[in-house]
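>>> predicted model and sequence follow; I will ask about them next.
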Amino acid sequence: MAQAEATGNPLLGFLPIILLFVIFYFLLIRPQQQSQKKRKEMLGSLQKGDRIITIGGIYGMIKEIKEDTVIVRIADNVNIKMARAGIDRVIKDEE
């Protein structure tokens, strides 16, 4: 009789693992995918003249955009060439 109860529905044994995966998906994986999507959209919508902050914290303005690189003016007559992926965010004029 005890063996009959122990060999019940095998899905119930996997239920905690499935539940744990669902929790991880909604708490970790999905938000990361959404932030990666927003970052990709931001990098794709960069335009000449946008004021930016690089990942290293350098403020500048985009002077030229190429496929994977940008030319950023960080001071008068000081331009740097950097990877497009090195841009952290676009800043508004009021900051």
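That came through fine. Residues are numbered from 1 along each chain as shown.
>>> how about the strands in this protein?
51-54, 59-65, 69-75, 78-83, 87-90 (DSSP state E).
>>> mind putting these into JSON lines with mean pLDDT and distance to Phe26?
Every residue, glycine included, has its C-beta placed from N, CA and C. Putting the strands of the chain into JSON lines (pLDDT from 0 to 100; distance: least, CB to CB, whole Å) gives the following:
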{"stretch": "strand 51-54", "mean pLDDT": "96", "distance to Phe26": "30"}
{"stretch": "strand 59-65", "mean pLDDT": "96", "distance to Phe26": "36"}
{"stretch": "strand 69-75", "mean pLDDT": "96", "distance to Phe26": "35"}
{"stretch": "strand 78-83", "mean pLDDT": "96", "distance to Phe26": "32"}
{"stretch": "strand 87-90", "mean pLDDT": "95", "distance to Phe26": "26"}
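>>> turn those into JSON lines, including distance to Gly44.
Below are the strands of the chain laid out as JSON lines (distance: least, CB to CB, whole Å):
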{"stretch": "strand 51-54", "distance to Gly44": "14"}
{"stretch": "strand 59-65", "distance to Gly44": "11"}
{"stretch": "strand 69-75", "distance to Gly44": "12"}
{"stretch": "strand 78-83", "distance to Gly44": "14"}
{"stretch": "strand 87-90", "distance to Gly44": "11"}
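>>> out of the ones you listed, nearest to Ile17?
Smallest distance to Ile17 across the strands of the chain (CB to CB): 37.5 Å, for strand 87-90.
>>> so which of the strands of the chain is nearest Lys38?
strand 87-90 (10.4 Å).
>>> now that closest one: how far from the chain's centre is it?
The chain centroid and the centroid of strand 87-90 are separated by 11 Å under CA atoms, centre = their mean, to the nearest Å.
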